[in-house]
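> have a look at this prediction, sequence included:
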Amino acid sequence: MTGPLAILIGPMAAGKTSVGRALASQLDVPFADLDALIAEAAGRSIPEIFAEEGEAAFRELEAETLERALHEHPGVLSLGGGAPLHPRSRERLRGAPVIWLDVDEVIAARRLAHGAGRPMLSGADPMARWRELTVARASCYRELAALRIDAGRGSPSRVARSILHLLQLDPPARPEKEIS
């Protein structure tokens, strides 16, 4: 299969984007975030798409964008938390190099306190919604993932190094600097 070397899935605040960037850097390959690709293709932000068209329309756009990315992107690809749930997306992700970044609730709460623009967490109790979504999506993540890793332990670079080790991927050799 051509396409990404690694596809990161998991709940919101698992660090898919930051770990994905670190992993791509360590492998010296391009990085892409599916939400950024969707926003670029739509010419609007994810919250704007949700507000103007609703979740169902967003999920269709997400599935179409993922299909293109799986064929065109050669590096590391991070997906939004709900991306693997669409039936077409789930089918396309089967057998792909999918890595489930998991994170516990305490770390997720700390990370989500600094963020905004997450339409799926709108409401009176965002962490209750996070728990609900995480539990509901776990079986899909488990089904698709070749590897599950705790992304709450260590920096994004450290988590990326753990992924490299577990997948037995070797970062490219860097030329040694001459000391004169």
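Yes, it's here.

> drop to CA atoms for contacts and neighbour counts, all remaining ones
Fine.

> tell me which residues in the longest helix seen in the chain are buried?
In the chain, taking DSSP state H as the definition, the longest helix is helix 46-72. Neighbour-count burial for helix 46-72 flags 46-50, 55, 58-59, 61-63, 65-66, 69-70 (criterion: 16 or more other CA atoms under 10 Å).

> tell me what Asp102 is bridged to.
Asp102 has these beta-bridge partners by DSSP bridges: Asp150.

> contacting residues for it?
For Asp102, the contacting residues are 10-11, 14, 148-152, by CA atoms under 8 Å, 6 or more residues apart in numbering.

> one more time with 7 Å, if that's ok
Asp102 makes contact with 10-11, 14, 148-151, according to CA atoms under 7 Å, 6 or more residues apart in numbering.

> got a quick ChimeraX command for the buried subset of these?
If you want just the buried ones from those in ChimeraX, going by 16+ other CA under 10 Å, the selection is:
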select :10,11,14,148,149,151
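
> return the member of the contacts of Asp102 nearest to Glu91.
Closest approach between the contacts of Asp102 and Glu91, by CA to CA: Gly10, at 16.9 Å.

> measure that closest one to Leu93 for me?
Plainly put, Gly10 is 14 Å away from Leu93 if you go by CA to CA, to the nearest Å.

> what do you get for Ala113?
31 Å.

> what does Ile38 give?
From Ile38 to Leu93 the distance is 18 Å (CA to CA).

> quick one: which of these two has more around it?
Ile38 (21 against 18; other CA atoms under 10 Å).

> so what's the more buried one scoring on pLDDT?
Listed pLDDT for Ile38 reads 96.

> so which elements touch the helix or strand where it lies?
Here Ile38, judged by DSSP states H and E, is contained in helix 34-42. With contacts taken as 3 or more CA pairs under 7 Å, 6 or more residues apart in numbering; DSSP states H and E, helix 34-42 sits against helix 46-72.
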